[in-house]
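Trainee: any chance you could fold what I've pasted below:
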Amino acid sequence: MDRHGPSLYNFSLMPAYRAAVALAALGLISIASTACQTARRSVSLVVIGGTVLTENATQRVFSPGAVAIDGDKIVDVDTPETIREKYAPQEIVDASSQVVLPGLINTHTHAPMVLYRGLSDDLVLSDWLQKYIFPAEAKTVSPEFVRVGTRLAVTEMIESGTTTYADMYYFEEDIAKATREAGLRGVLGQTIIQFPVKDAPTPADGLKRAEAFIEAFRGDPLIVPAVAPHAMYTLDRGTLVAAAALGRRYDVPVIIHLSETEDENRQSLADHQLSPTAYLESIGFWGPKTLAAHGVWVTDDDIAVLARRRIGVSHNPESNMKLASGAAPLVKYKAAGVTLGLGTDGAASNNDLDMFEAMRQAAFLAKLTTRDPTAVPARDALMMATIGGARALGLETLIGSLEPGKRADLITVAMDRTRQTPVYDPISHLVYTTRGDDVQTTIVNGRILMANRRLLTLDRQAVIADARRIARDVAAAVGRSTP
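Mentor: Below you'll find the model as predicted:
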């Protein structure tokens, strides 16, 4: 970057004089007096041009617009003219012909499981887990597996516009380190489960690991540590209560799977004469900062409990459809005031981490199951992937919208492709037309992680090479061949 003036990614391949002329024509390099320059506030970055969707309380749109960033925070969102007059940026991203919006928030993943993508398909959840995934994990999960898988997952997420993700898996400290190194934001939960797993032979060991993980990452600018009891059907009462208490003691999120399948509900009714939601309510599990993933098979009474307890629910339409688990009652959730976020689930059951696809399928699935095309309109789907996800994670004061004082997590999306022409409504295009590879720039905490589709914090080829190496080990362990 030229330290004597702003850099502009779109002109990085031009001769210096052409870049200077072009920037001057845009008004991005001032030729005014030194006194005028001094009057403008110095900021680290300005994203300028295109349509800016703030996703704030009034859902304000600037077309064209600009976002001024200083360090890790947004300082202003306004028209390009106003931003030029007020700020002198060290760096500029030209978002002309693009849409600028808050970074997408994936509220449910198992990041390292991207290394099991396509390992087993077309199965119900119980068979998929018991016959394929749990045995594969027993043979292959290790700190190296987790690091390599996480690096592949965060690469995919950065390239497709996700800036924050919620995770639950094993060796979560290695997931946190890889996430932080890549520059992504994560709400990361150390999994606790009843049977022996590679990082914890007992649930008590899992709780100890969770507490150590929380202590190691509390106060981190990018990582929010969490406790992740797997599900009510894979943990006993004492461990569930202890996990919830641990989260409250440290004031960190608690993440759990909830009512993903009809079989889970049947088993809960047989064992406890209560639905999973009601059982967790009866043991005092529900509390602040709790995120429930899936929430497909819930009753009206369950929904009332989740609303009263202010539980965030992560809707995962793609994995729910692929595993034939069912469709979450989004319309009822919305009517009850339940906070809804959107997730992809792990790539082993989805099979990708593209939040644009998750938005599209969330809207389509709700329309289909209710036979109402207005059930989840495009705007609602986008909100679930941005400010709704932030609320579900308890981070709405920091992320989820483009507003002064919030963290500078934002993306730009190209709108000049053949399939995106013409553009009458950018929100419609984002939900019903856009794909992850339309994302051009990804910024987290004011740091550019990808510019013009070029990764800046990861070596893409090295990430893929490492993933293919581990995939060969997985295939050998489970008796599969790799091409």
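Trainee: for G389, see how far away the residue most central in space within the chain is.
Mentor: Per C-alpha atoms, centre = their mean, the C-alpha nearest to the average position across the chain is that of N106, at 2.4 Å. N106 sits 7 Å away from G389 when distances are taken as C-beta to C-beta, to the nearest Å. Yep, even glycine has a C-beta here, placed from its N, CA and C like the rest.
Trainee: please apply the same query to L115.
Mentor: Relative to G389, L115 is positioned 25 Å away (C-beta to C-beta).
Trainee: higher neighbour count, these two?
Mentor: G389 (36 against 27; other C-beta atoms under 10 Å).
Trainee: test my guess that the more buried one contacts T109.
Mentor: No. G389 is beyond contact range of T109, at 11.9 Å (criterion: C-beta atoms under 8 Å).
Trainee: if I look at S481, what pLDDT would I see?
Mentor: Confidence per residue is given as pLDDT, and for S481 that number is 73.
Trainee: check the offset of stretch 465-483 from the chain's centre.
Mentor: Computed by C-alpha atoms, centre = their mean, to the nearest Å, the chain-centroid distance of stretch 465-483 equals 27 Å.
Trainee: that older thread, shared neighbours, N106 and G389?
Mentor: Common neighbours of N106 and G389 (criterion: C-beta atoms under 8 Å, 6 or more residues apart in numbering): T164, L342.
Trainee: just to revisit the earlier point, now the residue nearest to the centre of the chain. Nearest residue, chain neighbours left out?
Mentor: Nearest residue to N106, sequence neighbours excluded (C-beta to C-beta, 6 or more residues apart in numbering): Y165, at 4.1 Å.
Trainee: which one is S142 nearest to, not counting chain neighbours?
Mentor: The shortest distance from S142 to any residue other than its chain neighbours is 6.5 Å, reached at K198 (C-beta to C-beta, 6+ apart).
Trainee: need the phi and psi values for the one you found.
Mentor: The phi and psi values for K198, taken as degrees, to the nearest 10, are phi -60, psi -30.
Trainee: and it, what does it touch?
Mentor: K198 makes contacts with E137, A138, V141, S142, Y170, F171, as judged by C-beta under 8 Å, 6+ apart.
Trainee: how much space between the last one and G206?
Mentor: Distance of F171 to G206, given as C-beta to C-beta: 12 Å.
Trainee: just the third one next, same as before
Mentor: Distance of V141 to G206, computed by C-beta to C-beta: 14 Å.
Trainee: these two - which one has more neighbours?
Mentor: Comparing V141 with G206 by neighbour count (other C-beta under 10 Å), the higher total belongs to G206, at 28 against 21.
Trainee: which residues touch that one?
Mentor: Taking C-beta under 8 Å, 6+ apart as the criterion, G206 is in contact with Q190, T191, I192, I193, V197, D199, A200, T239.
Trainee: same thing with R407?
Mentor: With contacts taken as C-beta under 8 Å, 6+ apart, R407 has the following neighbours: D72, K73, I74, R185, L398, I399, V444, N445, G446.
Trainee: which among the residues you listed count as buried?
Mentor: Burial by neighbour count, 16 or more other C-beta atoms under 10 Å: within those this picks out D72, K73, I74, R185, L398, I399, V444, N445, G446.
Trainee: hmm, Q90 is touching S42, no?
Mentor: Yes. Q90 sits in contact with S42 when judged by C-beta under 8 Å, with a separation of 7.1 Å.
Trainee: who has more neighbours, the two?
Mentor: Looking at Q90 and S42 with other C-beta under 10 Å, you find the greater number of neighbours at Q90, namely 16 against 11.
Trainee: next, the closest residue in space to that one that isn't next to it in sequence: phi, psi?
Mentor: The shortest distance from Q90 to any residue that is not its chain neighbour, by C-beta to C-beta, 6+ apart, is 5.3 Å, and that residue is S44. With angles defined as degrees, to the nearest 10, S44 shows backbone torsions of phi -80, psi -30.
Trainee: residue contacts, S44?
Mentor: Counting by C-beta under 8 Å, 6+ apart, the residues that S44 touches are I69, D70, G71, P89, Q90, E91, G446.
Trainee: can I get those in a markdown table with secondary structure, distance to S282 and pLDDT?
Mentor: Shown next, in a markdown table, are the contacts of S44 (DSSP: H, G, I helix; E, B strand; the rest coil; distance: C-beta to C-beta, whole Å; pLDDT from 0 to 100):
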| residue | secondary structure | distance to S282 | pLDDT |
| --- | --- | --- | --- |
| I69 | strand | 47 | 98 |
| D70 | strand | 49 | 98 |
| G71 | coil | 47 | 98 |
| P89 | strand | 55 | 98 |
| Q90 | coil | 56 | 98 |
| E91 | strand | 54 | 98 |
| G446 | coil | 45 | 98 |
